[in-house]
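Chemist: my questions concern the predicted model and sequence given below.
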Amino acid sequence: MPMKLKLHHVNFCTTNVPGMTEFYRTVLGLEDEPSLQATRVVSKGYPGKVGFVTDGHIQIHLAEKDLGVAFRTGHAINPLERGHVAFRTDNLEAFKKRLIEKGIPFSDYGAWAMNGWHQIFFYDPEGNIIEVHQV
């Protein structure tokens, strides 16, 4: 089955979620994305605050920086240290196979932070973290 990838969100990490959320709302005119608060899972290693805003197409997740997430969840990659860019796919298994074929290691977090989202994380050649998830 062919797979599609679509830019879904950019995650910025912060020590001031309310301040960052206000900045993106008032300076950039983005709208709140309140539906996502209800889908958060806080019991699997990341209880931090998150603000969700959108331009109507792409979301920005403003997440409380947490240097211990990878340690607490047993993963090599911490998506909440510096942030990440996220893509949504319709075939995560095919995408994981592509990464394996190309020799790119990844952390498979499963459905850990957002209810119903299976998330994997990996590094690009410059060390930026990329998420690919499937709902």
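Modeler: Received, thanks.

Chemist: okay, strands next: where are they in the chain?
Modeler: For the chain, applying DSSP state E gives strands covering 5-14, 31-32, 50-54, 59-64, 84-89, 107-110, 118-123, 129-134.

Chemist: can I get these in CSV including mean neighbour count?
Modeler: All C-beta atoms are positioned from the backbone trio N, CA, C, and that covers glycine. Output for these, formatted as CSV (neighbours: other Cβ atoms under 10 Å):
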stretch, mean neighbour count
strand 5-14, 16
strand 31-32, 13
strand 50-54, 21
strand 59-64, 21
strand 84-89, 19
strand 107-110, 17
strand 118-123, 19
strand 129-134, 21
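
Chemist: who wins for proximity to residue 42 among these?
Modeler: Taking Cβ to Cβ, strand 50-54 is the member of the strands of the chain nearest to residue 42, at 9.7 Å.

Chemist: any idea of the angle the closest one forms with strand 5-14?
Modeler: Interaxial angle of strand 50-54 relative to strand 5-14 (axes from the mean of the first three to the mean of the last three Cα atoms, to 10 degrees): 130 degrees.

Chemist: how much space between residue 34 and residue 21?
Modeler: From residue 34 across to residue 21, the span is 11 Å (Cβ to Cβ, to the nearest Å).

Chemist: the two: who's more crowded?
Modeler: residue 21 (20 against 8; other Cβ atoms under 10 Å).

Chemist: in contact with that one, which residues?
Modeler: Neighbouring residues of residue 21 by Cβ atoms under 8 Å, 6 or more residues apart in numbering: 32, 51, 53, 62.

Chemist: now do 7 Å
Modeler: Neighbouring residues of residue 21 by Cβ atoms under 7 Å, 6 or more residues apart in numbering: 51, 53, 62.
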